[in-house]
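Asker: Show me how the following folds:
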Amino acid sequence: MYKNILVPTDGSKLSGKAAAEAIKLAKTCGAKITVMHMVSDFRKALSETYAVPAAMAAPVQKKFQDEASARSRKIIDGACAEATAAGVASAGISVVSDSAYEAIIKQASKSKCDVIVMASHGRKGLQGFLLGSETTKVLCHSKIPVLVVR
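Answerer: Okay, the predicted model is just below:
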């Protein structure tokens, strides 16, 4: 059935629930999981938030990257530890991107995943329209199956 399951996570409780479902599915299928966490691109985050001269940006960029990398590693390691405890093989990847859905689809292809298991916050109405839904975008653009956990 499935051999490699992509689990995009933001470290939230709901993403943890999706990771737990992915681990159960992987255990049943004898698959491995690939845990993915996305970090925003520093240059875009900085340019949209602050007007910082290039000379001052370097130390800020280093601090941003160090903190983002540490947070990403903690999230990935936590999910991989749960997989290991359940007897499921896992790998983790931290990706830098400004488009979560594109990064998820690209990573699924790159890691040769055959299903994506991800969370949905289930926003509806105006809030869902204004905030958008990365899950909906993945569902619309993915060429592989997507299991949505709520």
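Asker: residue boundaries of the helices in this structure?
Answerer: All helices of the chain, identified by DSSP state H, fall at 13-29, 42-49, 54-85, 100-110, 125-131, 134-141.
Asker: Now the third one: average pLDDT?
Answerer: The predicted model assigns helix 54-85 a mean pLDDT of 90.
Asker: if I pick the nearest residue to Val7 once chain neighbours are set aside, what's in contact with it?
Answerer: Distance criterion Cβ to Cβ, 6 or more residues apart in numbering; nearest residue to Val7, sequence neighbours excluded, is Ala22 at 4.5 Å. Glycine gets a C-beta too; all of them are placed from N, C-alpha and C. Applying Cβ atoms under 8 Å, 6 or more residues apart in numbering, we find Ala22 in contact with 5, 7, 33, 117, 147.
Asker: closest to Phe64 among those residues?
Answerer: Val7 (24.9 Å; Cβ to Cβ).
Asker: partners of that closest one in the sheet?
Answerer: Val35 (DSSP bridges).
Asker: what about it, neighbour count?
Answerer: Neighbour count for Val7, taken as other Cβ atoms under 10 Å: 33.
Asker: swap in Ser99?
Answerer: Neighbour tally, Ser99, other Cβ under 10 Å: 13.
Asker: Which pLDDT value does the model give it?
Answerer: Here the pLDDT value assigned to Ser99 is 91.
Asker: Quick check: it vs Thr28, distance?
Answerer: 32 Å (Cβ to Cβ, to the nearest Å).
Asker: And Thr9, by the same measure?
Answerer: Separation of Thr9 from Thr28 (Cβ to Cβ): 20 Å.
Asker: between those two, who's got more neighbours?
Answerer: The residue with more neighbours, out of Thr9 and Thr28, is Thr9; 24 against 11, by other Cβ under 10 Å.
Asker: got a pLDDT number for the more buried one?
Answerer: Looking at Thr9, the pLDDT reads 96.
Asker: Kindly state the pLDDT recorded for Pro145?
Answerer: Confidence at Pro145, expressed as pLDDT, is 98.
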